[in-house]
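Peer 1: quick check, what structure comes out for this input:
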Amino acid sequence: MTLTDLLIPTYRNMLRTLRGLLDKAEAQLGAEKAEALLSARLAPEMFPLATQVRFACVQAREAPLRLLGEPLDAIQPVLDEGRNAGERPGTLAEARARIDEALAFLDGLPPQALDARPADVPLELALPVGLTFDLTREQFARDWALGQFYFHVMAAYAILRSSGVEIGKADYVQHMFAYLRGDQGMTDRA
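Peer 2: Numbering: from 1, shown residues only. Have a look, this model is predicted:
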């Protein structure tokens, strides 16, 4: 499996899931109550839902940009929004727009975009907190990019679920129903 085949469909599927979770919250709670959840947190020191959504969008763009060797300037506004979402959570429309922008970015990548260089080529991951990791491109995709992305999507799911939005595993893995055999159904709300 190539890096493009691993990352890009994963990001697309889960960004659509994230959008669906926001839509479901609004459908169940109404626009005003659902929008208020953008400030909800799992724990006082954790980022709110608005940040989780924005950081998931950042991750879906950051990994391809890093693997392409391109500057990260384009994601800075979304990163800043996420960091400031505690004071300015924005609106559901803005959160959906960020998801749509990330999907459009992914859709604009050429086929096999991330595979021009071998997976074992070194990649330096320098974090703003002063830590630097030396990884191969494959290690970056597997051990950092996917984990960071799923963390933020799952945190968003957990915030919504703990806030009373009726969602379950079927909502989280909606993309899997394309592979469902026959006339089976999934009712697990774990």
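Peer 1: in the protein, which helix has the most residues?
Peer 2: In terms of residue count, the longest helix belonging to the chain (DSSP state H) is helix 3-29.
Peer 1: next, the buried residues of that one.
Peer 2: 3-4, 6-8, 10-15, 17-22, 24-26, 29 (16 or more other CB atoms under 10 Å). Quick note: C-beta positions are derived from backbone N, CA and C, even for glycine.
Peer 1: from one end of stretch 39-47 to the other, what's the distance?
Peer 2: 9 Å (CA to CA, to the nearest Å).
Peer 1: element containing Leu79, please.
Peer 2: According to DSSP states H and E, Leu79 maps onto helix 76-83.
Peer 1: same for the longest helix of the chain, what does it pack against?
Peer 2: Applying 3 or more CB pairs under 8 Å, 6 or more residues apart in numbering; DSSP states H and E, one finds that helix 3-29 contacts helix 31-36, helix 49-68, helix 92-107, helix 146-162, helix 169-172.
Peer 1: can you redo these as a markdown table with mean neighbour count?
Peer 2: Putting the helices and strands packed on helix 3-29 into a markdown table (neighbours: other CB atoms under 10 Å) gives the following:
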| stretch | mean neighbour count |
| --- | --- |
| helix 31-36 | 15 |
| helix 49-68 | 24 |
| helix 92-107 | 17 |
| helix 146-162 | 19 |
| helix 169-172 | 16 |
